[in-house]
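Trainee: Predicted model and sequence follow; I will ask about them next.
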Amino acid sequence: MSKFYHLLGVDSPFDPIHRYTTSWLLPPLVLAIIRALLSLYAFVTIFTIFGYDDSHDTSYKVRQWFSYFTNLTYCGLAFYFLFSALYTFSYARTGKAWLQSWPRPLQAAHAIFYTTIVTFPFLVTIVYWGVLYKNPWFPVAEEAWSNISQHALNSFYVLFEIFLTRTSPPPPLHLLFLVILLALYLALAYLCRATEGFYVYNFLDPITGKGHVAGYCVGILVAACVIFGIVWFVIWLRNKATQKLGKFAHGRSSKRKNGSVEDGEGEVVEMNAQILGKP
């Protein structure tokens, strides 16, 4: 079992140099505040959509809201940034991370959750603007705002998390879980058709041709795999680049000999320790 956890990126101790709670550029408190603000905006967007639909005699959209992959992914963003803000606030205040005290299954779930956060929003953005969106532009301001928030700003959230934190590249095994989640969502989509009588996305309707449906499903799966690979490489590249920037920002080179800390990471840890008021 320990080998399986290792493949999931969950070793003991978990996240020993606090990658999930620190940034190579921002102090932990600032990182926590930004994450909290991003979460707040996402929740405000969700509840504004609910309120608008309920007040405009389209309350059925609220009942169907959780049937859409876009909305489930956006909820994931809202909750991820909420909890990441909370444990980053805790780290900024105490210098200790909640994540290290969690049971290993929860740590593994968080690691996989993080991988979905840096992968699925890009998939949503690409599929929506490349496949689903049709001209003309939205006639109602609320529709334009909500769609931009869920289908464009969602990727901005991910870019922030990728470029300004210190997280590690997701382990390759996480790709299997992404595929499983996409398959489960496909099952949910057809369950909605059977129980609610509608297709969440028109390209899933067999009337367009079984080959057409299969082509879209395979295409989305391939796109998810490609996005995973690109995200992995960008995070790896960011870590390599910011190790050098961390040395420059800290003003001295003080490599640690401890094998648990990679070259250049000691400076960032020390810098965060100074910010926290710790030696």
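Mentor: Arrived safely, thanks for sending. Here the structure is a predicted model, which is why all the values come from computation and not from measurement. Residues are numbered from 1 along each chain as shown.
Trainee: contacts and neighbour counts: CA atoms only from here.
Mentor: Will do.
Trainee: Spatially central residue for this structure, please.
Mentor: With distances taken as CA atoms, centre = their mean, residue 117 lies nearest the centre of the chain, 1.5 Å away.
Trainee: ok, the closest residue to that one other than its chain neighbours - contacts?
Mentor: The shortest distance from residue 117 to any non-neighbouring residue, by CA to CA, 6 or more residues apart in numbering, is to residue 77 (6.4 Å). Applying CA atoms under 8 Å, 6 or more residues apart in numbering to residue 77 gives the contacts 39, 42, 117, 154, 157.
Trainee: The fourth one reaches residue 121, doesn't it?
Mentor: Yes - Residue 154 is within contact range of residue 121, at 5.9 Å (criterion: CA atoms under 8 Å).
Trainee: what residues are shared contacts of the two?
Mentor: Common neighbours of residue 154 and residue 121, counting by CA under 8 Å, 6+ apart, are residue 74.
Trainee: quick one, what contacts the residue nearest to the centre of the chain?
Mentor: 73, 76-77, 80, 158.
Trainee: Check residue 154 too.
Mentor: Residue 154 neighbours (CA under 8 Å, 6+ apart): 74, 77, 121-122, 125.
Trainee: Quick check: which element contains it?
Mentor: Here residue 154 sits within helix 153-164, counting by DSSP states H and E.
Trainee: May I see the buried residues of that helix?
Mentor: Across helix 153-164, burial judged by 16 or more other CA atoms under 10 Å covers 153-155, 157-158, 161-164.
Trainee: JSON lines for those residues, including pLDDT and distance to residue 107?
Mentor: Below are the buried residues of helix 153-164 laid out as JSON lines (pLDDT from 0 to 100; distance: CA to CA, whole Å):
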{"residue": "153", "pLDDT": "97", "distance to residue 107": "27"}
{"residue": "154", "pLDDT": "98", "distance to residue 107": "24"}
{"residue": "155", "pLDDT": "98", "distance to residue 107": "24"}
{"residue": "157", "pLDDT": "98", "distance to residue 107": "22"}
{"residue": "158", "pLDDT": "98", "distance to residue 107": "20"}
{"residue": "161", "pLDDT": "97", "distance to residue 107": "18"}
{"residue": "162", "pLDDT": "97", "distance to residue 107": "19"}
{"residue": "163", "pLDDT": "97", "distance to residue 107": "22"}
{"residue": "164", "pLDDT": "96", "distance to residue 107": "22"}
